[in-house]
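**Student:** here is the input, now give the coordinates:
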Amino acid sequence: MDMRIRVDGRLALGCTSKDLILHIINRIGAQGARGYVVEFCGAAIEGLSIEARMTLCNMAVEAGARGALIAPDERLLRYVFDRAPDMHAHRAEALHLWNELKSDGNARFDAELTFDAAQVGPRVTWGTSPEQSIPIDGVIPDPAEAASPTARSSHERALLYTGLNPGTSLEGLHIDRVFIGSCTNGRIEDLRAVAQVVKGRTVDKKVRAMVVPGSGAVRKQAEDEGVAAILIDAGFEWRQPGCSMCLAMNDDVLKPGERCASTTNRNFEGRQGRGGRTHLMSPAMAAAAALSGFITDVRKMEP
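**Tutor:** Take a look at the predicted model:
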């Protein structure tokens, strides 16, 4: 089965593809795309960088999708050829083939959804599923208003685990750790966004913040560009690439009750450590949390 998700409009300042995908998952649910292969399209998608599109497709699985794709365009072709110079000898052939990787104009989908990017704000999860998120200026929903008894039970259990109450805001909630990395948000573009927020500033002394590049190539590029130096000067731990705290690997584990502002893709119970509480958000939002010591709206911190 296939599903087309069209996103019209344009993301506002301070909003990213991570916020967009959290918004979509919140609307359709963690099983909303179950069994489907999703194709993202629309003006907002075309305006995203290639790395931002990767984040979008990466997290489609959190809505149950079997896969996700975006039709190639000139921006993608430049991205690929810039990173694979050996392919230039096959450029004409590649362009011919890749330009065919798109849906026909009259294609029919088993399901079609439309979203307005202008309605998306920076989002943070409050529960134990990626679908349980709210805008930073919103409040935690009341389980009594859930659509079904099953959803109500899930919401109640999530609130019990995270130690939060319905009707309250996440803004100002104290955090203990910040984790920036993972296959979802550990690319060079993500690290640049963090550096832009924290440059000339210092991580809150009560927060332990770490950055784990998504690959060795990303780590080297961040060091060559001076991004790593900015993060280290701000007080972040500059780590070797890997999974790390995304799934509580090795010693990178939350203690019971600790809260983490995380750029990962999952916030399940115990995902980052038994009893640990994970709040998913964009790299920029995680950077803002590291500086302030609590969950905050990055739009209030940017120049």
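
**Student:** now the farthest one out in the protein, which residue is it?
**Tutor:** Largest separation from the mean C-alpha position in the chain: A89, at 35.5 Å (Cα atoms, centre = their mean).

**Student:** now do the buried residues in stretch 234-251.
**Tutor:** For stretch 234-251, a neighbour-count test (16 or more other Cβ atoms under 10 Å) marks 234-236, 238-239, 241-248 as buried. Using the backbone N, CA and C atoms, a C-beta is placed for each residue, glycine as well.

**Student:** same check on stretch 76-84?
**Tutor:** Per 16+ other Cβ under 10 Å, stretch 76-84 contains these buried residues: L77, Y79.

**Student:** and L76, how close does it get to I50?
**Tutor:** 6 Å (Cβ to Cβ, to the nearest Å).

**Student:** scratch that, D142 is what I was asking about
**Tutor:** 40 Å.

**Student:** hang on, the earlier thing: what about the buried residues of stretch 234-251, which are in strands?
**Tutor:** In strands, defined here by DSSP state E, the members of the buried residues of stretch 234-251 are W238.

**Student:** can you tell me which of the buried residues of stretch 234-251 are in helices?
**Tutor:** A234 (DSSP state H).

**Student:** could you dump the buried residues of stretch 234-251 to a markdown table with distance to I5 and pLDDT?
**Tutor:** Supplementary listing: those in a markdown table, determined by distance: Cβ to Cβ, whole Å; pLDDT from 0 to 100:
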| residue | distance to I5 | pLDDT |
| --- | --- | --- |
| A234 | 36 | 98 |
| G235 | 38 | 98 |
| F236 | 34 | 98 |
| W238 | 36 | 98 |
| R239 | 34 | 96 |
| P241 | 31 | 95 |
| G242 | 31 | 92 |
| C243 | 28 | 93 |
| S244 | 30 | 93 |
| M245 | 30 | 94 |
| C246 | 25 | 93 |
| L247 | 27 | 91 |
| A248 | 31 | 92 |
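
**Student:** for the buried residues of stretch 234-251, which one is nearest R6?
**Tutor:** Relative to R6, the closest of these is C246; by Cβ to Cβ it sits at 30.1 Å.

**Student:** list the contacts of that closest one.
**Tutor:** F179, G181, S182, C183, V212, S262, T264, N265, R266, Q272 (Cβ atoms under 8 Å, 6 or more residues apart in numbering).

**Student:** longest helix anywhere in this structure?
**Tutor:** From DSSP H, the single longest helix across the chain is helix 149-162.

**Student:** mind saving the C-alpha coords of that one as CSV?
**Tutor:** Output of helix 149-162 as CSV, limited to C-alpha atoms (Å, rounded to 0.1, in the frame of the first residue of the first chain):
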residue,chain,number,x,y,z
PRO,A,149,-10.1,3.7,26.0
THR,A,150,-6.9,2.2,24.7
ALA,A,151,-5.5,5.7,24.0
ARG,A,152,-6.6,6.9,27.4
SER,A,153,-4.8,4.0,29.1
SER,A,154,-1.7,4.7,27.1
HIS,A,155,-1.7,8.4,28.0
GLU,A,156,-2.2,7.7,31.7
ARG,A,157,0.7,5.2,31.8
ALA,A,158,2.9,7.7,29.9
LEU,A,159,2.1,10.5,32.4
LEU,A,160,2.8,8.1,35.3
TYR,A,161,6.2,7.2,33.8
THR,A,162,7.3,10.7,32.9
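
**Student:** residues in contact with that helix?
**Tutor:** By Cβ under 8 Å, 6+ apart, helix 149-162 touches 126-129, 132, 140-141, 143-144, 146, 165-166, 269, 277.
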